[in-house]
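A.B. asks: Kindly generate the corresponding structure for this input.
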Amino acid sequence: MLGWPDNCLIEQRVIILFGTLKTVSDIEPDAPRMLEELVRRAETAHASDIHLQMVGKSAQVSLRLDGLMTPPTELPETAADRVFGRIKYLARLKTYQESLPQDGRIDKGDIGSRNDIRVATYPTVTGEKIVLRMFAQSRALGLEELALSNDVCLELDRFLNRSSGMLLLTGPAGSGKTSTIYGCLQRLRKTGGRHIITVEDPVEQVIPGIMQTEVNETAGLDYATAAKHLLRQDPQVLVLGEIRDDETANLAVRAGLTGHLVISTLHAGSCKSVFERLLVMCRDHYAVWSAVELVLNQRLVRRICAACEGRGCSECLQTGFKGRVPAVEFVRLDDQVRAKARESGVSVITPTHSLQQAATDLRDRGVTNDAELGRILCP
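C.D. replies: From the prediction side, this is the model:
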């Protein structure tokens with residue numbers, strides 16, 4: 001998948017690199033070029049991560065592409081050892097340390113990449129594992145660039161024009177929640193006139209004109225502590241990367257009721273589950289129903305590759321898919337819904353446009369296929 005074909009015989013000790021066959025003895029001095037080529041191919045494919053896993057004395061290499069791992073390709077023994085050493089050297093890690101996790105960063109100028117690369121090593125029973133996180137985007141995308149449906153964009157615009165209230169996003173890791181939040185921030189920044197503060201873990205994109213803060217739990221700066229003190233900085237818009245505990249939940253609800261626009265995420269899995277969790281975290285149920293304005297539950301659906309129409313080609317690394325689009329369901333709370341919820345609870349929470357319908361619409365438009373819908377919508 002990465003240019004080293006599955007039928008490459010390790011006993012012949014050859015791999016394909018830069019379009020030519022080289023023996024292992026030829027490759028040994030080329031570890032820097034080999035790593036640069038791997039990063040270049042990952043960036044060209046728009047992969048989010050490169051996974052390198054030692055298995056004995058060789059290594060397996062996979063890309064995380066559109067949320068899924070590509071089939072592993074084997075890196076021979078001599079090349080594996082040198083590539084691992086090169087990564088750790090560039091990330092300023094201890095090259096001899098394999099029994100403890102290490103974290104570092106490779107400067108883009110040191111490897112010829114488009115952006116810096118985050119490096120994380122971890123010991124496993126088969127040998128060391130290294131994950132390279134690719135920061136492929138140089139800027140946060142606007143809402144109009146996220147391929148959101150018209151009705152979702154309309155609801156987000158309606159919310160962002162408010163002066164107070166809460167927007168909560170849910171969905172599994174890698175479902176595009178952060179991209180949606182950054183799209184909202186870009187819209188707010190263009191509109192102007194409001195003091196915007198974020199608390200993130202980590203800050204993935206720096207947006208000019210917005211006060212961004214990174215969580216540092218080791219130093220005692222968690223979401224609750226940051227939110228408590230940042231409210232004294234006179235924010236009009238407060239973005240919390242995640243609501244993880246009761247204290248943060250209560251602070252966010254209170255802020256949404258007292259003249260602040262609050263945007264955050266909550267791991268729940270559905271619009272109804274967001275309220276189920278929030279009502280457990282906050283004793284003042286009346287405040288919860290009053291503060292929350294909009295809830296989005298989203299997934300990312302792989303887009304059929306336009307170059308091969310799903311058959312598999314070099315453009316999509318033979319996967320048949322290239323890129324992803326969001327499928328989103330949402331619940332907007334108006335006075336009528338709030339009145340029913342206070343009387344009957346979360347049973348009245350029903351998405352205006354279900355996640356299944358949103359994904360089916362993408363299928364019907366030829367954006368994706370049934371197999372992808374089955375993967376996204378499975379329990």
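A.B. asks: And residue 125, how close does it get to residue 55?
C.D. replies: For residue 125, the distance to residue 55 equals 10 Å [CB to CB, to the nearest Å]. For the C-beta atoms, the positions are set from N, CA and C on the backbone; glycine is no exception.
A.B. asks: Between the two, tell me which one has more neighbours.
C.D. replies: residue 55 (15 against 4; other CB atoms under 10 Å).
A.B. asks: beta partners of the more buried one?
C.D. replies: Counting by DSSP bridges, residue 55 is bridged to residue 58.
A.B. asks: With the one 10 residues further on instead?
C.D. replies: Residue 65 has these beta-bridge partners by DSSP bridges: residue 68.
A.B. asks: All the helices of this protein, residue numbers only.
C.D. replies: Secondary structure of the chain (DSSP state H): helices located at 24-27, 31-44, 77-90, 108-111, 150-160, 177-191, 223-230, 246-257, 271-281, 285-291, 335-344, 355-364, 370-377.
A.B. asks: any chance of those helices in TSV, with mean pLDDT too?
C.D. replies: Shown next, in TSV, are these (pLDDT from 0 to 100):
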stretch	mean pLDDT
helix 24-27	40
helix 31-44	91
helix 77-90	92
helix 108-111	92
helix 150-160	97
helix 177-191	95
helix 223-230	92
helix 246-257	97
helix 271-281	97
helix 285-291	97
helix 335-344	95
helix 355-364	96
helix 370-377	93
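A.B. asks: Relative to residue 62, which of the ones you listed is closest?
C.D. replies: Residue 62 lies closest, by CB to CB, to one member of those: helix 31-44, at 10.4 Å.
A.B. asks: now residue 267, nearest residue through space, not along the chain?
C.D. replies: Residue nearest to residue 267 in three dimensions, not counting chain neighbours: residue 170, with 6.6 Å by CB to CB, 6 or more residues apart in numbering.
A.B. asks: Could you tell me the per-residue confidence at the one you found?
C.D. replies: The confidence metric pLDDT takes the value 98 at residue 170.
A.B. asks: That one contacts residue 272, doesn't it?
C.D. replies: No: counting by CB atoms under 8 Å, residue 170 sits too far from residue 272 to count as a contact (10.1 Å).
A.B. asks: Looking at those two, which has the bigger crowd around it?
C.D. replies: The neighbour count for residue 170 versus residue 272, taken as other CB under 10 Å, is higher for residue 170 (21 against 18).
A.B. asks: Show me what that one is bridged to.
C.D. replies: On the basis of DSSP bridges, residue 170 is bridged to residue 297.
A.B. asks: Give me the domain ranges for the protein.
C.D. replies: 10-134, 143-377 (automatic domain parsing).
A.B. asks: Can you give me the distance of the residue nearest to residue 267 to residue 176?
C.D. replies: 12 Å.
A.B. asks: and what of residue 106?
C.D. replies: For residue 106, the distance to residue 176 equals 26 Å [CB to CB].
A.B. asks: Repeat that for residue 54.
C.D. replies: 32 Å.
A.B. asks: what does residue 60 give?
C.D. replies: Residue 60 is 28 Å from residue 176, by CB to CB.
A.B. asks: Compare those two (neighbour count), which wins?
C.D. replies: Set residue 60 next to residue 176 and count neighbours by other CB under 10 Å: residue 176 wins out with 24 against 17.
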